[in-house]
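In: just need the structure, nothing else, for what follows:
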Amino acid sequence: MHYSSVVLLFAGLASAQVAEWATSSSSTTSSTSSTTSKSTTSSTTTKSTTSSTTTKSTTTTSSTTSTTSTAVPTSTVFPTTNGLNFTIDGETGYYAGTNSYWIGFLTNDADVDLVMQHLYDSGLRILRVWGFNDVNTIPSSGTVYFQYLTAGTATINTGADGLQRLDYVVASAEKHGIKLIINFVNNWSDYGGIAAYVSAFGGSATTWYTNTAAQAAYQTYIKTVVSRYSSSSAIFAWELANEPRCNGCDTSVLYNWIKTTINSSPAFAGYKSRHNCVGLYSPDISLPLEGFGLSTDSDGSYPFTYGEGLNFTLNLDIDTIDFGTFHLYPNSWGEVDTWGPTWIKAHGDACVAAGKPCLLEEYGYPSNHCSVEAPWQAAALGTKGIAGDLFWQWGDTLSTRQTSDDTNTIFYGSSDFTCLVTNHVAAI
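Out: Coordinates of the predicted model:
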C-alpha cells in the first residue's frame, strides 16, 4: 500500500494507499488504500553532485507511562529462516502477523504498549512498521518526523519527535514478544518516500536508484537505523523499501540496486550474520516487494509481467536475500478476488525452487473481508514455500481515537477480527 510497502521480491502489486492518518502523530498525510497508481518516470535529470547528512538530536524523552497488562517471557534469540520456514524464539513453523505503518508516529507510549499487548494476546507474532518518515519542510513542534531532506542535505532527527519514537516501538516489541519488519523508504510519496529525496537531490523516481548523492543519504539513514537496533532480538527483518518500482526500466536497475545496497553498503557491514535478509526483507536485509515479474505459473496477467521493472525470481536469487515477500491486492490490479490463490501458489512455487521461504507480507480487500480473505489465508497456510502472512492492516482503539481505517483495516475485537485473526491463528 502506498503508506504500506512496495514489495519487489514479493508477489504482489500492492499499491494500495492507506486512508489519511488524521492526527498530529505524523508529519505528512497518507492516503491509504489499494489504488492502481504507478510510479511516474519524471524526465527531470538534474542531480546533486554532493550531499551531507547531519543528525538532529535532543535529550528530551517521552514522559508517558506504559501500560502492559501481561508479562511476556524475554527473548534473546534472533529470528531466522529454517529451510522453507521461519524460526522465532526457537519455534519453527508458519507465523501470522499484520501491518501498522502508523505505530512509530504515535506520541503516547501507552498506546504503543496497548497495540503490542493486543497483538501478543491475539497470537500474532510479526508486525511490519514504517521505519521512515521523510519531510522536505520541518513540521510544527510535536509532530513526528525521522529525516529532513532539503537542498542536497539530509538531517536525521534522533530527538523525542524523531527516532526516539521508533526506539519505543522496538523496546515495546521486545517486552511483548513481537518481531518487527522495518523498512527504510517508501516508493510512494506517503511519509516522504523517494519523492522527498528527489525534491532534495534532483532526478526522478526512476533515476533515484542510481543517483549517487541520494543513495549516499539513503545509506546513511539505513546505517543510523540499523545501528540503533543491531542487538535487538525484536528485529525480524530489514526492508530496503516499501514496494519499490522502476516503471519502464530494465529489471537490471532494481536488481543491481538491491544487490549493491545489501552487499556493498557500509550500513550492513558486519551485521548480516545476526539478522535475516528478508527475501528482500528480514532481520538481515529484505526488499519489500509486491511480487511482480514472475514466469512461474504465470497466467499472463499484469502482476506477472515485468513492466514495473521487477523480476521476482531474479531478485530472490541474490544470495544475501534470506526470504521472499509479496503482496496481494487483486482489486487494485484488475483481478477478481478468487484469483488470489493463483498468485499465492505461483510465489510459493518460486520460493520452493529457490530454497527460501516466502512471506505474504500484505493483503487486503475493501469489503467482505472474511469471505474474501479467509480463503487467501487458507491457501497461504496450505502452500509449500509460504511461511507466513501479514494482513493489511491492524486497527485498534487508542487513548483518544481509533486508528486509520482505509477500508482494508481489521479492527481488534470485531467480527472480521474473529474470522481473520482468532480463527486463522487457531488453524496454524
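In: and residue 301, how many neighbours?
Out: By the criterion of other C-beta atoms under 10 Å, residue 301 has 14 neighbours. All C-beta atoms are positioned from the backbone trio N, CA, C, and that covers glycine.
In: kindly report the same for residue 76.
Out: 9.
In: now do it against residue 236, distance only.
Out: Distance of residue 76 to residue 236, computed by C-beta to C-beta, to the nearest Å: 15 Å.
In: ok, now residue 110?
Out: 24 Å.
In: more crowded one of those two?
Out: Neighbours per residue, other C-beta under 10 Å: of residue 110 and residue 236, the larger number sits with residue 236, 31 against 15.
In: from what I can see that one touches residue 79, true?
Out: Yes. Between residue 236 and residue 79 a contact is recorded at 4.8 Å, counting by C-beta atoms under 8 Å.
In: the helices in the stretch 251-400 of the chain, which residues?
Out: All helices of the stretch 251-400 of the chain, identified by DSSP state H, counting those that start in this stretch, fall at 251-264, 312-316, 340-354, 369-381.
In: buried deepest among these, which one?
Out: For the helices of the stretch 251-400 of the chain, average neighbour numbers computed from mean count of other C-beta atoms under 10 Å are highest in helix 312-316, which has a mean of 24.
In: let me see the mean pLDDT of that one.
Out: Average pLDDT, helix 312-316: 91.
In: what packs against it?
Out: Packing contacts for helix 312-316, counted by 3 or more C-beta pairs under 8 Å, 6 or more residues apart in numbering; DSSP states H and E, involve helix 251-264, strand 324-328, helix 340-354.
In: the last one versus helix 369-381: what angle between them?
Out: Following axes from the mean of the first three to the mean of the last three C-alpha atoms, to 10 degrees, one obtains 20 degrees for the angle between helix 340-354 and helix 369-381.
In: other SSEs contacting helix 340-354?
Out: Looks like helix 340-354 contacts helix 312-316, strand 324-328, strand 358-363, helix 369-381, strand 386-391 (3+ C-beta pairs under 8 Å, 6+ apart).
In: with just CA atoms, put that helix into PDB.
Out: The C-alpha coordinates for helix 340-354 follow below in PDB (Å, rounded to 0.1, in the frame of the first residue of the first chain):
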ATOM      1  CA  GLY A 340      -5.700 -14.700  -5.000                       C
ATOM      2  CA  PRO A 341      -4.700 -18.400  -4.600                       C
ATOM      3  CA  THR A 342      -3.200 -18.400  -8.100                       C
ATOM      4  CA  TRP A 343      -0.900 -15.600  -7.100                       C
ATOM      5  CA  ILE A 344      -0.100 -17.300  -3.800                       C
ATOM      6  CA  LYS A 345       0.800 -20.600  -5.400                       C
ATOM      7  CA  ALA A 346       3.000 -19.000  -8.000                       C
ATOM      8  CA  HIS A 347       5.100 -17.400  -5.400                       C
ATOM      9  CA  GLY A 348       5.200 -20.500  -3.200                       C
ATOM     10  CA  ASP A 349       6.500 -22.500  -6.200                       C
ATOM     11  CA  ALA A 350       9.100 -19.800  -6.900                       C
ATOM     12  CA  CYS A 351      10.300 -19.900  -3.300                       C
ATOM     13  CA  VAL A 352      10.500 -23.700  -3.200                       C
ATOM     14  CA  ALA A 353      12.600 -23.600  -6.400                       C
ATOM     15  CA  ALA A 354      14.900 -21.000  -4.700                       C
END
